[in-house]
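Visitor: Sharing a model prediction with you, sequence too.
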Amino acid sequence: MFTMMIESIPLAVLGPTARHHLTRDDGSMTNISPTKSWRRLAAVFAVTALVLSACGSESTPNKVTVEQPESRESPEPEPTESEVPVETEPEDTDVVDEDPKSPATQTVQTEYGEVTVTDVGVMVGSESAPAQVRIFADPRCPFCAQLDEMLAESTSEWARGDQVAVEHIILTFLDDGSRVTFSARAGNLLAVVADQAPEHWETALEVVYEMQPESPSDDTSDEELLSALEEAGVPIDDAFRSAVVSMEFDRRNQDLNEWAATDVGVTGVPTVYVNDEAITDFETFEEFVELINDAVSRS
């Protein structure tokens, strides 16, 4: 599973909380003091621990895990006798940091069922359905694309009824911090679809998964994504194009990352909950899908 994880998700793709620098050229190892030797040995153990954490445990294969960094506060320096406190007037400013823009919450009827834009994602099915499925995914994650494909038959059947609702929550865990990678840009694009054309959201998700770059350096451009959406029947106008290019919902997507990791406890993608119970302890995607279906049938 470790080899598959490294090969399937190149470490360069992962964001700063999931990417670990595994190589370093420190030059010759000769003439090193005992203290430096111990420090090097400690560094080796630290890197090894990070690699293992990035690959997930044996009970959750086929998942990109994200380790949240610990918050460290630097101690404040003690004032010296020579320091003279200076009183400053409070800064008077009328600038207010506005909340990040989110897609408009709304419900539309489609030939496949009800589609609702929620505060955190897009729900397909009735909000009052007894079985509530939540899927946390990243547009750049190939495992997420595989799960979506394997669940397609079930989700299509659920959408036609009123017993199961599936809420898709798109995260951008796999961005490298630049907010220009496929993960961040495709995440913003899906938010634009949710805002302006929610009836086409499922189609847009399929297009995004099909357009996943094969390597970190092979990022798909915004124009290529927009062209693929148009070919799939998603209406694209100037307002839509502007929202994609300007990354209109990127700040909101970054907040979603923090909410999912901190409040929900999501540590990797894909992660699935059925009625607030996480689906775990599977070895293959076949087992994963079977566990999801079993949990839904018991609801």
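Guide: Yep, it's here. Residues are numbered from 1 along each chain as shown.

Visitor: hang on, Phe136 in a strand?
Guide: Yes: counting by DSSP: H, G, I helix; E, B strand; the rest coil, Phe136 is found in a strand.

Visitor: can you tell me which residues contact it?
Guide: With contacts defined as Cβ atoms under 8 Å, 6 or more residues apart in numbering, Phe136 is in contact with 169, 171, 260, 264, 266, 269-272. C-beta coordinates here come from the backbone N, C-alpha and C atoms, glycine included.

Visitor: Could you do Glu210 as well?
Guide: Applying Cβ under 8 Å, 6+ apart, the residues near Glu210 are Ala228.

Visitor: ok, it to Ala197 distance?
Guide: Here the criterion is Cβ to Cβ, to the nearest Å. By it, Glu210 lies 18 Å from Ala197.

Visitor: sorry, back to before: ok, of the contacts of Phe136, which one's closest to Thr118?
Guide: Nearest to Thr118 among the contacts of Phe136, counting by Cβ to Cβ, is Ile169 at 8.6 Å.

Visitor: what helix or strand is the closest one on?
Guide: strand 164-170 (DSSP states H and E).

Visitor: Would you mind pulling the contact partners of that strand?
Guide: Around strand 164-170, the neighbours that count as contacts under Cβ under 8 Å, 6+ apart are 118, 120-127, 129-139, 155, 158-159, 187, 190-191, 201, 205, 253, 256, 260, 296, 299.

Visitor: Could you check how many residues crowd around Asp148?
Guide: 20 (other Cβ atoms under 10 Å).

Visitor: Could you find the closest non-adjacent residue to it?
Guide: Distance criterion Cβ to Cβ, 6 or more residues apart in numbering; nearest residue to Asp148, sequence neighbours excluded, is Tyr209 at 6.1 Å.

Visitor: residues contacting that neighbour?
Guide: 139, 144-145, 148-149.

Visitor: Ok, Val245 next?
Guide: Val245 neighbours (Cβ under 8 Å, 6+ apart): Asp222.

Visitor: measure Leu225 to Arg241 for me?
Guide: Counting by Cβ to Cβ, the gap from Leu225 to Arg241 is 11 Å.

Visitor: before we move on, what about Val264?
Guide: 32 Å.

Visitor: quick one, strands of the stretch 101-250 of the chain?
Guide: Along the stretch 101-250 of the chain, counting by DSSP state E, counting those that start in this stretch, strands occupy 106-110, 113-117, 122-124, 131-137, 164-170.

Visitor: show me where pLDDT drops low in the stretch 151-299 of the chain?
Guide: Of all residues in the stretch 151-299 of the chain, none has pLDDT under 70.

Visitor: if you set the cut-off to 80 instead, what comes out?
Guide: Within the stretch 151-299 of the chain, the segments meeting pLDDT under 80 span 216-219.

Visitor: now the stretch 1-150 of the chain
Guide: 1-98.

Visitor: what about burial for the contacts of Tyr209, which qualify?
Guide: 139, 144-145, 148 (16 or more other Cβ atoms under 10 Å).

Visitor: which of the contacts of strand 164-170 count as buried?
Guide: Judged by 16+ other Cβ under 10 Å, buried ones among these: 118, 120-126, 129, 131-139, 155, 158-159, 187, 190-191, 201, 205, 253, 256, 260, 296.

Visitor: Mind listing the strands the strand holding Ile169 pairs with, and their directions?
Guide: strand 122-124 (antiparallel), strand 131-137 (parallel) (DSSP bridges).

Visitor: Would you map the helices across the stretch 101-250 of the chain?
Guide: 142-160, 182-196, 201-210, 222-231, 238-245, 250-259 (DSSP state H, counting those that start in this stretch).

Visitor: Deepest-packed of the ones you listed, please.
Guide: Among these, ranked by average contacts under mean count of other Cβ atoms under 10 Å, first place goes to helix 182-196 (a mean of 26).

Visitor: Does anything pack onto that one? Which helices or strands?
Guide: strand 164-170, helix 201-210, helix 222-231, helix 238-245, helix 250-259 (3 or more Cβ pairs under 8 Å, 6 or more residues apart in numbering; DSSP states H and E).

Visitor: so Pro270 sits right up against Ala145, yeah?
Guide: No: assessed by Cβ atoms under 8 Å, Pro270 is found out of contact with Ala145, at 9.2 Å.

Visitor: which residues does the closest residue to Phe136 other than its chain neighbours contact?
Guide: Distances taken as Cβ to Cβ, 6+ apart put Thr271 closest to Phe136, at 4.3 Å, once the chain neighbours are dropped. With contacts defined as Cβ under 8 Å, 6+ apart, Thr271 is in contact with 63, 135-136, 278.

Visitor: re the thing from before, return the closest of the buried ones among the contacts of Tyr209 with respect to Ser221.
Guide: Proximity of the buried ones among the contacts of Tyr209 to Ser221 (Cβ to Cβ) peaks at Pro139, which lies at 14.4 Å.
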